[in-house]
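Here is a sequence together with a model predicted from it:
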Amino acid sequence: MTFQITVQPSGHRFECETDETVLSAAIRSGIGLPYGCKNGACGSCKGKVVEGQVTHKAHQQRALSEQEAADGFSLFCCALASSDLVIEAREVSGSTEYPVRKMPSRVAKLDKVAPDVIIMSLQLPANEALAYRAGQYVEFLLKDGKRRSYSMANAPSSLDSPLTLHVRHMPGGLFTDHVFNTMKERDILRFEGPHGTFFLREESDKPIVLLASGTGFAPVKALVEHLIHLKSSRHVSLYWGGRRPHDLYMNELCEQWAMILPNFRYVPVVSDPLPEDRWSGRTGFVHAAVLQDLPDLSGHQVYACGSPIVVDSARRDYVALGKLPAEEFFADAFTSEADLAQS
């Protein structure tokens with residue numbers, strides 16, 4: 001059976017099969033609903049069901065609370081239509097500009113830049129390129145239909161260079177154990193992409209806050225490189241947080257940006273430094289450091305990427321407390337299999 005979905009306020013319509021999620025049907029139809037993880041963990045695809053009924057596949061309660069569900073909100077990445085629907089969602093212009101493709105790639109280089117971080121460089125087939133927006137991600141296609149998502153860490157303006165991804169080791173992880181223990185250069189990997197609506201809103205001239213934790217720096221790096229490519233004059237503040245100084249594995253690059261780029265500021269934050277680290281910089285929670293420096297975010301855009309707890313805390317403290325308009329908060333929460341296993 002096929003249901004008709006109508007999006008407000010745009011009036012766009014698309015068809016949805018009973019066995020596909022509302023988000024999957026929208027992507028297939030070229031409708032730019034916002035989304036991140038596609039598995040019910042991050043909440044980026046949350047919208048309202050104005051008319052009709054949906055049922056939800058498994059998802060995390062922090063992404064959609066019982067009260068939100070009772071109020072008519074839905075996670076469209078997990079929502080199966082039970083009737084024709086009228087939904088309310090903020091569409092993302094340009095999110096469907098580049099087609100999603102399945103491509104082979106060859107591992108060109110594995111560079112261990114921290115005890116638990118490898119920068120993986122992928123070489124695409126000759127005369128092939130992946131068109132994407134800085135900040136988007138690809139999904140590696142593994143055995144048994146499993147997928148693992150990683151953001152591109154270089155801007156699309158460098159399409160003649162290998163695609164780079166930042167991989168953090170999750171002990172026991174199906175993919176990251178392979179990357180850290182058995183993967184070799186010249187191995188072949190297949191991926192699908194680009195995915196996601198975490199990318200620069202170029203129509204705005206508002207000052208930007210880039211908030212990254214851990215390997216959430218990867219898409220943020222791509223955003224900075226894209227801003228450099230655009231010769232943008234927008235003011236940019238990059239806050240990058242880690243538990244120990246070595247978690248800021250490209251700290252020198254960020255310091256170089258701060259030295260050579262006008263209107264660019266870099267604030268590294270370490271939450272749990274040890275005495276032997278001899279850390280003399282900012283400490284505490286990285287999202288809190290932003291408010292210490294910028295208590296009024298009303299005129300800014302915030303791009304937050306990294307662990308769910310950092311993204312959720314930023315959303316709560318910036319948006320829910322009225323310091324930042326909700327429509328100016330853009331996020332990509334890096335969810336692991338352990339995150340998905342939580343109720």
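On my side now, so go ahead. Because the structure is predicted, anything quoted here is derived from the model rather than measured.

Burial check on residue 300, number of neighbours?
Residue 300 is flanked by 21 other residues according to other Cβ atoms under 10 Å. Where you see a C-beta, it was placed from the backbone N, CA and C, and this is true even at glycine.

so it sits right up against residue 204, yeah?
No: counting by Cβ atoms under 8 Å, residue 300 does not reach residue 204; the two are 9.9 Å apart.

Quick check: chain neighbours aside, which residue is closest to residue 116?
In space, and not counting its chain neighbours, residue 116 is closest to residue 169: 4.3 Å by Cβ to Cβ, 6 or more residues apart in numbering.

what residues are up against the one you found?
116, 117, 118, 176, 177, 179, 180 (Cβ atoms under 8 Å, 6 or more residues apart in numbering).

distance of it from residue 137?
Distance, residue 169 to residue 137, using Cβ to Cβ, to the nearest Å: 18 Å.

coming back round to it: what's the farthest-apart pair in the contacts of residue 169?
Using Cβ to Cβ, the pair of the contacts of residue 169 lying farthest apart is 117 and 177, separated by 14.5 Å.

higher neighbour count, the two?
Using other Cβ under 10 Å, the more surrounded residue of residue 117 and residue 177 is residue 117, with 21 against 14.

pLDDT at that one, what is it?
Here, the pLDDT recorded for residue 117 equals 98.

same question, residue 341
Note on residue 341: pLDDT of 53.

Break this protein down into its structural domains.
Taking automatic domain parsing as the criterion, the chain consists of the domains 2-88, 101-195, 208-341.

can you tell me which of those domains comes nearest to residue 95?
Closest approach to residue 95 among the domains of the chain is made by domain 2-88 (3.8 Å; Cβ to Cβ).

what's the spacing between that closest one and its chain's center?
19 Å (Cα atoms, centre = their mean, to the nearest Å).

which ones are touching the closest residue to residue 330 other than its chain neighbours?
The shortest distance from residue 330 to any non-neighbouring residue, by Cβ to Cβ, 6+ apart, is to residue 303 (4.9 Å). Applying Cβ under 8 Å, 6+ apart to residue 303 gives the contacts 135, 198, 200, 208, 209, 210, 211, 220, 223, 330, 331.
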